[in-house]
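Student: My questions are about this predicted structure, shown below with the sequence.
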Amino acid sequence: MNQLLFFAGLKEAAGTEKVDMDLAGLTVEEVKKKVGDVYPKVQIQTSMIAVNEEFALRDHKIEEGDTIAFLPPVSGG
């Protein structure tokens with residue numbers, strides 16, 4: 001089982017801060033698709049993804065027990 005964490009506006013769009021979901025064996029890109037299907041109001045495709053507190057690339061494989069965090073894109077000025 002994996003824990004998903006939603007931050008900032010993503011948390012409000014999902015209606016929850018965290019949820020457990022079985023995502024082991026999927027890539028980050030596959031996780032984004034699956035989570036986007038479950039939470040269509042969350043802008044997953046533009047989110048940054050961290051796995052176990054480290055930013056992850058789209059082909060990174062999720063392992064059992066990993067924590068996956070969805071962070072909204074950051075802009076500066």
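Tutor: Thanks, I have it. Numbering: from 1, shown residues only.

Student: Am I right that G36 sits in a helix?
Tutor: Yes. Under DSSP: H, G, I helix; E, B strand; the rest coil, G36 falls within a helix.

Student: That one and I49 touch, don't they?
Tutor: No. Judged on Cβ atoms under 8 Å, G36 makes no contact with I49 at a distance of 11.9 Å. In short, each C-beta sits where N, CA and C put it, glycine included.

Student: For the two, work out which one has more neighbours and name it.
Tutor: I49 (20 against 15; other Cβ atoms under 10 Å).

Student: Show me where the protein has its helices.
Tutor: Counting by DSSP state H, the chain has helices at residues 9-14, 28-38.

Student: I'd like to know which of those lies nearest to F70.
Tutor: With respect to F70, and counting by Cβ to Cβ, the nearest of the helices of the chain is helix 9-14 at 5.2 Å.

Student: Can you tell me which residue is spatially central in the chain?
Tutor: Nearest to the mean C-alpha position of the chain, counting by Cα atoms, centre = their mean, stands F70 at 3.8 Å.

Student: Could you give the bridge partners of that residue?
Tutor: F6, I49 (DSSP bridges).

Student: and the residue nearest to D20 when sequence neighbours are not counted, how many neighbours?
Tutor: Spatial nearest neighbour of D20, chain neighbours left out: M1 (5.2 Å); criterion: Cβ to Cβ, 6 or more residues apart in numbering. M1: 10 surrounding residues under other Cβ under 10 Å.

Student: do the same with F7
Tutor: 14.

Student: before we move on, what about V31?
Tutor: For V31, using other Cβ under 10 Å, the count is 25.
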